[in-house]
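K.L.:
Just a sequence and a predicted model for now, questions to come.
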Amino acid sequence: MKNRVNLIIIALFLAIPVVSFGQKVYKFGHINKQDIIQILPDRDSAIVKLQKYQKDLENQLDIMNVEYNTKLQKYLDDQKGPTPMDPLIKQSREKDLTTMQQNIQQFQETAQQGMQQKQTELMQPILEKIQKAISEVGKEGGFTYIFDLATQSVAYYSSDSQDVTDLVKQKLNITKSAGSTKTGGTKK
């Protein structure tokens, strides 16, 4: 009986390493997407396009404001004239000024929404490109998880966590560091 118990204990000790070898080892990495976005050449192009779009909207708003102010000044000047303004004309001009003012306000609100949509439209391909590179680095490097530190979704990461930012930069063919001016082309 004693031999049988010893045999079972020995078998268990021999089985433990086999079970341990079968367990998956998890590999964690981290990245700061914002650091990548800041140095990606595509971002500069998107910013230029967004600034042009914003300037076009501002120019249109300026035209609308000039037209409104011109009509308002004419209305005020006619009010001061030697003869009183006909009540129907006065009412019509006031209604026109109120409509113009409402149109300006509506344009400002629509322009703000348009800016947000344009920014999303321009940044989406950049974010997708970065995500694709991160996924490739994750698969090639055998990572279980890669955390984005820019979103502050991770409260803790150990020194065992590998920063994969340089690997993603290589995947995107970026040779520029933050503050540097040297850039490489992007892979297509």
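P.N.:
Here it is on my side, so go on. This one's a predicted model, so the numbers in the text were calculated from it and none came from an experiment.
K.L.:
where exactly do the strands run in the protein?
P.N.:
28-31, 145-148, 162-163 (DSSP state E).
K.L.:
Could I get those in TSV, plus columns for distance to residue 40 and mean pLDDT?
P.N.:
(Each C-beta comes from the backbone N, C-alpha and C, glycine too.) As requested, the strands of the chain are arranged in TSV below (distance: least, Cβ to Cβ, whole Å; pLDDT from 0 to 100):
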stretch	distance to residue 40	mean pLDDT
strand 28-31	13	85
strand 145-148	15	83
strand 162-163	17	78
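K.L.:
Point out the most buried one among those strands.
P.N.:
Among the strands of the chain, strand 28-31 has the highest mean neighbour count (mean count of other Cβ atoms under 10 Å), at a mean of 20.
K.L.:
chain center to it, what's the gap?
P.N.:
Centroid displacement of strand 28-31 relative to its chain, using Cα atoms, centre = their mean, to the nearest Å, is 20 Å.
K.L.:
Tell me the strands beside it, with direction?
P.N.:
Partners of strand 28-31 in the sheet, by DSSP bridges, are strand 145-148 (parallel), strand 162-163 (parallel).
K.L.:
what's the lengthiest helix in the chain packed up against?
P.N.:
Longest helix of the chain, by residue count under DSSP state H: helix 87-141. Helix 87-141 sits against strand 28-31, helix 33-39, helix 41-79, strand 145-148, helix 165-171, with contacts defined as 3 or more Cβ pairs under 8 Å, 6 or more residues apart in numbering; DSSP states H and E.
K.L.:
would a markdown table of the strands of the chain with distance to residue 111 be doable?
P.N.:
Shown next, in a markdown table, are these (distance: least, Cβ to Cβ, whole Å):
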| stretch | distance to residue 111 |
| --- | --- |
| strand 28-31 | 35 |
| strand 145-148 | 31 |
| strand 162-163 | 40 |
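K.L.:
Quick check: which ranges of this protein have low pLDDT?
P.N.:
Applying pLDDT under 70 to the chain flags residues 1-24, 152-160, 176-188.
K.L.:
at 50 instead, please
P.N.:
4-8, 11-20, 155-158, 179-188 (pLDDT under 50).
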